[in-house]
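Student: here's my sequence, what's the structure:
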Amino acid sequence: MAASRKSDVLILGGGVIGLACAHYLLKAGRNVTIIEQNTLASGSSHGNCGTITPSHAPPLAQPGMIAKALKWMLTPDAPFRVAPRLDLPLFEWMLQFARHCNWRDYERIAAAKAPLLLRSRQLIGELVQAENLDCEFAQSGTLYVHRDAAAFEQASGMPKMLAELGIVMQVIDAARCREMEPALNDSIVGGYFNPGDARLRPDRYAAELARVVEAKGGEIIESTRIDGFRIEHDRIGAVLTDHGEFNAQDIVFALGAWSPQLGRKLGLRIPIQPGKGYSITYTRPPRAPRIPLTLRERSVCVTAWDSGYRLGSTMEFAGYDASLNRARLDALKRGAAEYLIEAEGPQVVEEWYGWRPMTYDDLPILGRAANLKNLMLATGHGMLGVTLSAVTGEMIAQLLSGRESVLDPAPFSPARFGI
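Tutor: Sure, this is the predicted structure:
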């Protein structure tokens with residue numbers, strides 16, 4: 001075993017959340033070390049569709065979702081699927097999720113998420129410009145498109161709800177949809193345009209964050225497995241790894257979907273389930289969309305960059321099943337083909353899955369753990385890790401520095417889960 005290493009702030013997890021926390025902590029004058037068990041941003045930070053979406057303020061838990069989930073239970077390629085199996089933590093999580101599927105919680109959670117999303121959207125734009133991040137960032141907006149007239153009409157109340165939260169959503173008819181996005185076929189009946197949204201290439205964003213962190217003096221240690229912790233009274237005395245012990249004045253827990261497993265070693269019950277998402281990355285097709293799309297009835301996301309083209313999304317609760325489910329990948333291609341003139345690129349570059357860290361209330365967990373004075377949690381970002389990366393980094397830096405947070409951290413506190 002190597003000798004113990006001392007750090008000022010030790011960040012566990014090298015995805016976009018850990019990297020963003022490192023950036024803002026370095027800006028605040030702290031010294032930072034990141035430990036990543038694999039390679040940087042190799043989890044859900046890598047293969048997502050790279051959209052930055054204040055428009056996603058409404059939570060996944062909403063009235064009617066349980067009925068949909070039950071209907072989809074035995075449908076292998078459904079947009080939302082829970083794999084039938086005996087899993088007590090998942091059952092408890094789903095029970096809590098079901099309790100949040102009401103209008104009161106839906107509106108409360110959306111109101112808490114919106115300021116966080118809007119602040120992060122602003123910060124990411126500033127960060128890209130200030131640090132000259134080469135990540136194909138574009139203030140593109142996003143477009144939600146419908147093929148089903150009833151579903152399009154059912155969503156008609158969303159612009160008003162989002163407007164009350166300070167988020168602009170515009171109703172677009174079929175002709176305007178195809179004018180804005182010529183990649184769409186004639187089946188489209190209408191859509192909703194979100195001009196405040198943006199996009200970037202997530203793997204390049206993470207790589208650029210790592211570049212900035214190292215340039216500012218941060219240390220990044222990859223391929224280091226966390227085996228456990230040594231507790232000393234009300235603090236973490238050491239993080240035990242296969243590369244020796246690490247000590248730190250403060251520790252940031254940015255482990256994403258792995259948070260429950262490592263949390264148990266600290267006696268913490270972190271209510272996160274791994275929500276498995278999929279994507280297929282292609283070389284860019286001739287008729288690639290100009291605007292990132294969400295194909296609403298099929299819940300497929302489509303993003304094109306100069307460097308490539310990606311179909312992604314779906315939500316599968318199947319534990320930590322480390323396999324590529326061919327039915328889920330094929331569903332992405334079939335769904336895209338229903339909406340787009342040219343659904344796939346000339347060549348497949350990568351087929352991918354990743355586990356999103358899902359909380360049942362669809363809010364991240366940001367703040368100090370109650371019983372461990374030097375532990376700060378920054379996890380549970382669900383499907384919005386890239387979108388919420390910058391504001392998470394800013395908030396964690398403010399909390400660790402004892403400065404007043406720009407946003408009220410109370411709705412995201414670990415205390416709501418008794419942590």
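Student: all contacts plus neighbour counts: C-alpha atoms, from now on.
Tutor: Fine.
Student: contacts for stretch 58-67 next, please.
Tutor: Residues outside stretch 58-67 that contact it (Cα atoms under 8 Å, 6 or more residues apart in numbering): 97-98, 100-103, 106-107, 109-110, 113, 360-362.
Student: chain center to it, what's the gap?
Tutor: Chain-centre distance of stretch 58-67: 18 Å, with Cα atoms, centre = their mean, to the nearest Å.
Student: returning to what we had before: tell me the one of the contacts of stretch 58-67 nearest residue 262?
Tutor: Top of the list for closeness to residue 262, among those and by Cα to Cα, is residue 360 at 18.9 Å.
Student: the closest one is in contact with residue 90, isn't it?
Tutor: No: in this structure, residue 360 is not within contact of residue 90 by Cα atoms under 8 Å, at 10.2 Å.
Student: for those two, indicate the residue with more neighbours.
Tutor: residue 360 (23 against 19; other Cα atoms under 10 Å).
Student: how close does that one get to residue 106?
Tutor: Noted for residue 360: a distance of 12 Å to residue 106, by Cα to Cα, to the nearest Å.
Student: any common contacting residues for those two?
Tutor: 61, 100.
Student: check which residues of stretch 98-110 are buried.
Tutor: Across stretch 98-110, burial judged by 16 or more other Cα atoms under 10 Å covers 98, 99, 100, 101, 105, 106, 107, 109, 110.
Student: just the CA atoms of it, as CSV, please.
Tutor: This file holds the C-alpha atoms of stretch 98-110, laid out as CSV (Å, rounded to 0.1, in the frame of the first residue of the first chain):
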residue,chain,number,x,y,z
ALA,A,98,-45.3,7.1,-7.5
ARG,A,99,-46.1,9.3,-4.5
HIS,A,100,-44.6,12.3,-6.4
CYS,A,101,-46.8,11.7,-9.4
ASN,A,102,-49.3,14.4,-8.5
TRP,A,103,-49.8,18.0,-9.6
ARG,A,104,-48.8,19.6,-6.3
ASP,A,105,-45.3,17.9,-6.3
TYR,A,106,-45.0,18.3,-10.1
GLU,A,107,-45.4,22.1,-9.8
ARG,A,108,-43.2,22.4,-6.7
ILE,A,109,-40.4,20.4,-8.2
ALA,A,110,-40.5,22.3,-11.5
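Student: pLDDT averaged over that stretch - what is it?
Tutor: Averaging pLDDT along stretch 98-110 gives 96.
Student: next helix or strand past the lowest-mean-pLDDT helix or strand in the chain?
Tutor: For the chain, counting by mean pLDDT, DSSP states H and E, helix 65-72 ranks last in confidence among helices and strands (a mean of 74). Note on helix 65-72: by DSSP states H and E, the next helix or strand toward the C-terminus is strand 80-82.
Student: give the helix, strand or coil label for residue 415.
Tutor: helix (DSSP: H, G, I helix; E, B strand; the rest coil).
Student: please report the distance of it from residue 86.
Tutor: 28 Å.
Student: now do residue 47
Tutor: Distance from residue 47 to residue 86, by Cα to Cα: 29 Å.
Student: give me the more crowded residue out of these two.
Tutor: Neighbours were tallied for residue 47 and for residue 86 using other Cα under 10 Å; the higher tally belongs to residue 47 (26 against 8).
Student: can you tell me how far residue 399 is from residue 376?
Tutor: Distance of residue 399 to residue 376, given as Cα to Cα: 9 Å.
Student: mind listing what the closest residue in space to residue 189 that isn't next to it in sequence touches?
Tutor: In space, residue 189 comes closest to residue 174 once its chain neighbours are excluded; the distance is 4.7 Å by Cα to Cα, 6 or more residues apart in numbering. By Cα under 8 Å, 6+ apart, the contact set of residue 174 is 188, 189, 190, 191.
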